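Trainee: Sequence first, then the predicted structure, then my questions.
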Amino acid sequence: MELSLPEIPPAKLFQHVLPREMVLDNGMTLWYVYSPVLPLVTLRVAFDEGASGDGADKSGCTSMAAAMLKEGAAGKTAQQLSDEIENLGASLDVSVNQDGSSIYLQSLTQFFERGLDL
């Protein structure tokens with residue numbers, strides 16, 4: 001009995017999409033990548049200021065402010081905010097390091113505006 005191997009199709013060439021840059025009227029630089037294949041939006045807002053910008057008498061202020069962003073807003077408690085993000089199937093993260101800070105939101109395209117409203 002002779003065994004035959006399955007036919008392996010040729011590998012598809014990966015085509016990455018280059019980011020585009022746009023400067024908004026307020027001077028903020030926006031980089032975006034559009035791919036019609038994936039119904040997903042990822043937003044990352046990055047700030048040049050991190051924990052190293054805290055004054056000597058305000059050590060930890062930037063980290064505390066970032067942590068508070070997920071503790072509720074617009075009349076919503078932290079639990080309500082977390083539940084709404086989860087119900088959208090979205091992800092929200094805030095991070096601070098020595099050199100910068102960022103806010104990250106990822107959501108299906110159809111729910112992205114609702115995610116931004118949170």
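Mentor: Yes, it's here.
Trainee: contacts for the helix or strand of the chain with the lowest mean pLDDT?
Mentor: When the helices and strands of the chain are scored by mean pLDDT, DSSP states H and E, strand 72-73 comes last with a mean of 75. Strand 72-73 has contacts (Cβ atoms under 8 Å, 6 or more residues apart in numbering) with 78, 80-81, 118. In this view, the C-beta of every residue, glycine as well, is placed from N, C-alpha and C.
Trainee: Neighbouring strands of that strand in the sheet, and parallel or not?
Mentor: strand 76-77 (antiparallel) (DSSP bridges).
Trainee: what's the offset of the strand it pairs with from the middle of its chain?
Mentor: 21 Å (Cα atoms, centre = their mean, to the nearest Å).
Trainee: after it, next one along is what?
Mentor: helix 78-88 (DSSP states H and E).
Trainee: tell me what that next one is packed against?
Mentor: Applying 3 or more Cβ pairs under 8 Å, 6 or more residues apart in numbering; DSSP states H and E, one finds that helix 78-88 contacts strand 72-73, helix 112-117.
Trainee: can you list these in JSON lines and add distance to A56 and mean neighbour count?
Mentor: What follows is those, written out as JSON lines (distance: least, Cβ to Cβ, whole Å; neighbours: other Cβ atoms under 10 Å):
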{"stretch": "strand 72-73", "distance to A56": "29", "mean neighbour count": "14"}
{"stretch": "helix 112-117", "distance to A56": "36", "mean neighbour count": "14"}
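Trainee: For N87, which of the ones you listed is the nearest?
Mentor: N87 lies closest, by Cβ to Cβ, to one member of the helices and strands packed on helix 78-88: helix 112-117, at 9.4 Å.
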